[in-house]
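[1] how would this look folded up:
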Amino acid sequence: MLRMSAPGRELLLQSPQLAVHAGGAEANVGVSLAHLGHAVAAVSTVPANPLGEYALGELRRHGVDTAAVRRTEGRMGLYFLTTGAVQRASEVVYDRADSAFANSSAADYDWDTLLTGADWLHLSGVSPALNPAMAQATLAAARAACARGVKVSFDGNFRPSLWARWQGDAPGILRELFACADLVFADYRDIGVVLGGEFGQADVHERVDAAAAKAFAAFPRLQWMACTQRTPHSVDTHSLGAMLIGRDGTRAVAPTREMIGIVDRIGGGDAFAAGILHGMMRGFAPDMIVRFGLAAGCLKHSIPGDFNPVSEADIMALTGEERFDVRR
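    Residues are numbered from 1 along each chain as shown. Sure, this is the predicted structure:
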């Protein structure tokens with residue numbers, strides 16, 4: 001999809017101009033992983049017009065293979081971003097109805113071919129929220145990966161405004177997707193949506209622990225749950241921590257980082273997800289995995305646009321001693 005942003009801190013259409021960035025949850029993760037040295041291929045549908053070609057060109061520019069992306073009639077999915085300031089929060093307006101991607105169906109994707117040679121399939125909760133057909137297409141992808149022994153990572157990405165447009169059964173559909181996942185990016189609020197119940201512990205880490213225990217009990221395939229803990233102090237200043245919990249009792253916590261002067265927080269969660277996946281694929285120890293993931297997510301907050309085009313060395317530099325002088 002494409003992101004249309006009001007310039008600077010202006011309100012949407014306060015002046016007659018918009019900045020354009022390619023993005024999207026799964027695409028953001030793919031771009032990050034490509035920059036971290038992994039072979040990444042995108043599976044999607046875009047319109048056969050200049051907007052679709054621009055999006056594909058951006059993915060290719062960042063090292064993502066787009067050979068499996070379908071081109072068809074239709075329109076490009078868009079979203080519009082107004083960046084907040086002081087006490088005014090940022091705001092997103094979606095314009096994705098009847099896009100070429102939203103109008104595709106499970107029958108359009110040959111997973112026998114598409115999953116050949118794949119180690120992981122990454123999916124997001126945004127896709128099934130679009131409409132009933134996309135919910136079934138996302139479920140078909142997850143089930144196909146499970147049947148073929150491909151690991152599935154799933155980012156809950158609960159978007160109530162999208163589900164509400166078609167009165168979709170978010171808990172039921174997300175529950176089926178969680179059941180196919182080896183790794184989920186979710187916190188106690190996501191688990192509450194999927195499995196019901198509330199986690200009222202005073203400490204946020206205890207809430208995540210309780211949610212993870214409930215998720216592991218409900219989903220036998222699930223091995224890992226990762227999430228961030230964000231505390232916004234203002235639009236431009238946030239504290240961000242992270243946790244990684246394993247079925248085997250592993251519990252890794254990354255120290256909270258203070259982010260002052262945030263440039264762009266969109267895509268921060270996707271950068272975190274890519275960092276966690278990278279650490280797992282490289283065989284890092286759990287403590288290093290979660291520290292690496294958090295550092296990747298924090299770096300994204302310093303970069304305009306949805307993508308996080310940073311290297312492993314850039315992220316490793318942040319996991320060690322932080323130095324803010326010019327690196328020469």
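
[2] from here on, contacts and neighbour counts on C-alpha atoms
    Fine.

[3] ok, Pro7 to Asn28 distance?
    21 Å (CA to CA, to the nearest Å).

[4] Please read the previous query as pertaining to Leu139.
    21 Å.

[5] Check Leu115 too.
    From Leu115 over to Asn28 the distance is 20 Å, taken as CA to CA.

[6] Tell me which of those two has more neighbours.
    Asn28 (25 against 19; other CA atoms under 10 Å).

[7] where along the stretch 101-250 of the chain do the strands fall?
    Taking DSSP state E, counting those that start in this stretch to define them, one finds strands in the stretch 101-250 of the chain at 120-124, 151-155, 183-185, 224-234, 237-246.

[8] so what does the longest one touch, helix or strand wise?
    I take that to be strand 224-234. The contact analysis (3 or more CA pairs under 8 Å, 6 or more residues apart in numbering; DSSP states H and E) places strand 224-234 against strand 183-185, strand 237-246.

[9] what's the answer for the second one, then?
    For strand 151-155, the packing partners by 3+ CA pairs under 8 Å, 6+ apart come out as strand 120-124, helix 132-147, helix 170-180, strand 183-185.

[10] what's the spacing between the second one and its chain's center?
    Remark: helix 132-147 is offset 17 Å from the chain centroid, using CA atoms, centre = their mean, to the nearest Å.

[11] same thing with the third one?
    Here the centre of helix 170-180 is set off from its chain's centre by 17 Å, with CA atoms, centre = their mean.

[12] quick one: buried residues of that helix?
    170-171, 173-175, 177-180 (16 or more other CA atoms under 10 Å).

[13] ok, Ala226 - contacts?
    Contacts of Ala226 were listed using CA atoms under 8 Å, 6 or more residues apart in numbering, and they are 183-187, 242-245, 276.

[14] picking that back up, could you dump the helices and strands packed on strand 224-234 to JSON lines with distance to Gly84, mean pLDDT and mean neighbour count?
    Putting these into JSON lines (distance: least, CA to CA, whole Å; pLDDT from 0 to 100; neighbours: other CA atoms under 10 Å) gives the following:
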{"stretch": "strand 183-185", "distance to Gly84": "26", "mean pLDDT": "98", "mean neighbour count": "25"}
{"stretch": "strand 237-246", "distance to Gly84": "12", "mean pLDDT": "97", "mean neighbour count": "20"}
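
[15] Sweet, I'm off.
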